[in-house]
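Visitor: Sequence below, structure please.
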Amino acid sequence: MKSKSLIPEIPKEEETERWVIIEDTDVIARKKLTLKQIKKLCKERDIDLLGPKGGQLSKKVLLERLEEDIKRVHDEEVAEARKKSAIVKDYQKVKIRVLETQLKKLRKETQHEYDILSKQQTKCAQMDARANEIRITIKAMKELL
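Guide: Below is the predicted model of the structure:
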């Protein structure tokens, strides 16, 4: 015979992995606020304090609205910062292109001047060789006299 127990048998739940969500310290601090403080914050941010039927909202709902507004403001700030960053990056890219163009032009001018210098050095070397030939000729003629 089975004995009946007054305590029903409850099957054990399978243990599943649960993700632990670590909340931001600001979120934790906001959860500790009183309803009056939350309402004051909502008024400062122009967040509606009343529900769809005109009733007062609970602390949880007001906190959710406050969090959404904070997230929206943060997203706007991030978008503005990215926009400014894109402007700076574009300016830098244009500046780099201008400097690269200047560098190419300067390299061409330098190469041109090197070519001129090379021709001048060759010409000077030929003139020196010719002068040496004349000196040798003069020296040889003097020895013959």
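Visitor: Quick check: which helices or strands does the longest helix along the chain pack against?
Guide: Longest helix in the chain, counting residues (DSSP state H): helix 59-144. Helix 59-144 is packed against helix 25-31, helix 35-44, with contacts defined by 3 or more CB pairs under 8 Å, 6 or more residues apart in numbering; DSSP states H and E. C-betas here are computed from N, CA, C, even on glycine.
Visitor: can you pull the contacts of the residue positioned nearest the centre of the chain?
Guide: Geometric centre of the chain, nearest residue: S85, 7.1 Å, by CA atoms, centre = their mean. Taking CB atoms under 8 Å, 6 or more residues apart in numbering, we find S85 in contact with no residue.
Visitor: circling back to that earlier point, select from the helices and strands packed on helix 59-144 the stretch with the lowest mean pLDDT.
Guide: Of all those, the minimum mean pLDDT falls on helix 25-31 (a mean of 65).
Visitor: chain center to stretch 134-145: distance?
Guide: In terms of CA atoms, centre = their mean, to the nearest Å, the centre of stretch 134-145 is set 78 Å apart from its chain centre.
Visitor: same question, stretch 85-104
Guide: Here stretch 85-104 is found 16 Å from its chain centre; the criterion is CA atoms, centre = their mean.
Visitor: correct me, but K43 touches L49?
Guide: Yes - with contact defined as CB atoms under 8 Å, K43 counts as touching L49 (7.1 Å).
Visitor: for the protein, which spans come out with low pLDDT?
Guide: Residue ranges of the chain with pLDDT under 70: 1-31.
Visitor: Taking helix 35-44 as reference, get the angle to the longest helix of the chain.
Guide: Going by axes from the mean of the first three to the mean of the last three CA atoms, to 10 degrees, helix 59-144 is angled at 50 degrees with respect to helix 35-44.
Visitor: got the phi/psi numbers for T34?
Guide: When read as degrees, to the nearest 10, the backbone of T34 gives phi -80, psi 170.
Visitor: how near is it to K123?
Guide: 95 Å (CB to CB, to the nearest Å).
Visitor: go on, E76?
Guide: From E76 to K123 the distance is 70 Å (CB to CB).
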